[in-house]
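Student: Structure of the sequence below:
(one chain, ligands or ions: 1)
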Amino acid sequence: MTFLIYALPGNHEQARALASQLEADIGELEVRHFPDGEAYVRVLTNPAGRKVILFATLWHPDTSFLPIAFAADQLREMGVKDVGLVSPYLAYMRQDKRFKEGEAVTSATFAQLLSSAVDWLVTVDPHLHRRRSLAEIYSVPAAALHAGPIIGEWLASRMESVLLVGPDSESEQWVKAVADVAKAPYIILEKIRRGDLDVEVSVPHADKWPDHTPVLVDDIISTGRTMVETVKHLQATALRPPICIGVHAVFSGDAYQALLAAGVTEIVTCNSVSHPSNSIDLSRLIASGVEGLLRNKEGQ
Ligand code: R5P
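Tutor: Numbering: from 1, shown residues only. You can find the predicted model right below:
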C-alpha cells in the first residue's frame with residue numbers, strides 16, 4: 001500500500017519533500033475559512049487503498065488544530081482506518097507544569113485533543129524537558145525524532161573549529177547530539193526566565209577555545225531573547241562572531257530581526273517551520289521515522 005500525503009495550508013513544500021523520500025503521492029485537500037472565521041475542509045483525492053498522512057506543522061496551533069481534526073474525521077468517513085499526522089514542530093510542549101496556581105497545563109490537554117483526532121504522530125524534537133517521552137501525555141503511537149545528528153552533519157560539512165553553546169540545561173540534549181557528530185566541544189550555560197521577554201543567561205567561560213566560532217544551538221527560537229542574551233555575552237569574549245542554529249524557526253514578532261541586529265553572522269534553522277533561515281532539510285529523517293513507527297505499529 002503506498003502513501004498518500006495531504007498537506008494542510010502552508011505545508012506544501014515540506015510535504016512534497018517528504019513525498020519524494022517516501023515515494024508517496026500528494027492528495028488534494030481544500031482548506032479555507034468562511035467569512036465568520038470557521039474552517040471549511042474538503043478532501044478532493046480519494047484515499048481508498050492508501051496509507052494516509054496529514055502533513056501539518058503545529059506553528060500557530062490554535063488555528064491549525066481544527067482543520068487537522070476535520071480532515072482526519074472526513075478521511076475516516078471515506079474509509080481510512082489509520083490517519084497519521086506528521087507535524088515536524090509540535091506545539092504546546094513547554095507548559096509542562098503548573099508554575100503558578102490555576103495555570104492550565106496545556107501540553108497535557110493539547111496531547112489529549114491531538115490523540116483524539118489522529119491515529120499516530122511523528123514529530124521532531126518536541127520540547128521534552130520535565131517529561132521523558134511523548135507517551136506520558138499522548139495516547140496514540142508518537143515518534144519523537146532528533147535533528148541533532150543532521151545538524152551535526154551540516155555543521156561538520158561547512159565549518160571547522162566550532163564551540164557549541166547551549167543556553168540552558170534543557171538544551172544539552174540537542175547540543176550534545178550535534179557535538180557528537182560534528183566532533184566539537186560544547187559548553188552549557190544557565191538560564192533564568194522571568195517573563196516572556198525577560199531572560200538572563202549565565203556568562204560563558206570559553207577561554208580554552210580562543211580561535212573558535214561559537215555556535216549557539218537550541219530547539220526553539222521564539223522571542224529570540226534566549227539567543228540574544230547569550231550572543232551579548234559571547235561578544236564580550238575573545239571568540240569569533242557567533243552563529244545561531246535552531247531546530248524550530250518559530251520567530252515570534254521581530255525576533256529574527258532582533259537576533260540579526262544583535263550581531264549574529266548567520267541564523268540557520270531546520271525546515272520544521274517555513275522560514276527564510278531554513279537550511280537543513282528534515283524530510284529524510286521524517287521519512288525514516290514514519291516508516292519505523294508504522295513498522296512497530298503493524299508489528300504489534
Ligand atoms: C526553552 O526552554 C526552549 O528550549 C528555548 O530555549 C526557548 O523556547 C527559547 O525561547 P525564546 O526564543 O523565546 O527565548
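Student: Contacts (any at all) between the ligand and the longest strand anywhere in the chain?
Tutor: Criterion DSSP state E: the longest strand present in the chain is strand 213-221. Yes. Contact of strand 213-221 with the ligand (C-beta under 6 Å from any ligand atom) involves Asp218, Asp219, Ile220, Ile221. (Glycine included, C-beta is placed from N, CA and C.)
Student: got the residues you listed as TSV, with neighbour count columns?
Tutor: Shown next, in TSV, are the residues of strand 213-221 next to the ligand (neighbours: other C-beta atoms under 10 Å):
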residue	neighbour count
Asp218	23
Asp219	27
Ile220	22
Ile221	28
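Student: Next, give me the two most distant ones among those.
Tutor: Taking C-beta to C-beta, the two most distant members of those are Asp219 and Ile221; they sit 8.7 Å apart.
Student: joint contacts of the two?
Tutor: Common contacts of Asp219 and Ile221 (C-beta atoms under 8 Å, 6 or more residues apart in numbering): Gly246, His248.
Student: dump the residue contacts of the residue nearest the centre of the chain.
Tutor: The residue lying closest to the centre of the chain (C-alpha atoms, centre = their mean) is Tyr89, at 3.2 Å. Shown in contact with Tyr89 (C-beta under 8 Å, 6+ apart): Thr57, Leu58, Trp59, Thr123, Val124, His248, Val250, Ser272, Val273.
Student: Keep only those of these that are in strands.
Tutor: Using DSSP E, the contacts of Tyr89 in strands are Thr123, Val124, His248.
Student: Neighbour-wise, which one of these leads?
Tutor: His248 (28 neighbours; other C-beta atoms under 10 Å).
Student: If it is in a bridge, with which residues?
Tutor: Beta-bridge pairing for His248 (DSSP bridges): Ile220.
Student: cool, Ile187 as well?
Tutor: Beta bridges link Ile187 to Val165, judged by DSSP bridges.
Student: which SSE is Ile192 in?
Tutor: strand 191-195 (DSSP states H and E).
Student: Now the very next helix or strand once past that strand: buried residues?
Tutor: Counting by DSSP H and E, the element after strand 191-195 in chain order, helix or strand, is strand 198-201. Buried residues in strand 198-201, counting neighbours by 16 or more other C-beta atoms under 10 Å, are found at Val199, Val201.
Student: helix, strand or coil for the residue nearest to the centre of the chain?
Tutor: coil (DSSP: H, G, I helix; E, B strand; the rest coil).
Student: which one of the ones in strands among the contacts of Tyr89 is nearest the ligand?
Tutor: Of all those, the one with the least separation from the ligand (C-beta to the nearest ligand atom) is His248, at 8.7 Å.
Student: which residues touch the closest one?
Tutor: Neighbouring residues of His248 by C-beta under 8 Å, 6+ apart: Trp59, Pro88, Tyr89, Val124, Asp125, Asp219, Ile220, Ile221, Thr269, Cys270, Ser272, Val273.
Student: is it true that the last one touches Trp59?
Tutor: Yes. Applying C-beta atoms under 8 Å as the test, Val273 and Trp59 come out as touching, 4.5 Å apart.
Student: which residues do the two both contact?
Tutor: Tyr89, His248, Val250.
Student: Tell me, how many residues neighbour the nearest residue to the last one once chain neighbours are set aside?
Tutor: If the residues on either side of it in the chain are set aside, Val250 comes closest to Ser222, at 4.5 Å by C-beta to C-beta, 6 or more residues apart in numbering. Neighbour count of Ser222, defined by other C-beta under 10 Å: 19.
Student: So Ser222 sits against Phe251, correct?
Tutor: Yes. Counting by C-beta under 8 Å, Phe251 is a contact partner of Ser222 at 7.3 Å.
Student: near the ligand, which residues of the stretch 151-300 of the chain?
Tutor: By C-beta under 6 Å from any ligand atom, the residues of the stretch 151-300 of the chain that approach the ligand are 167-168, 170-171, 199, 218-226.
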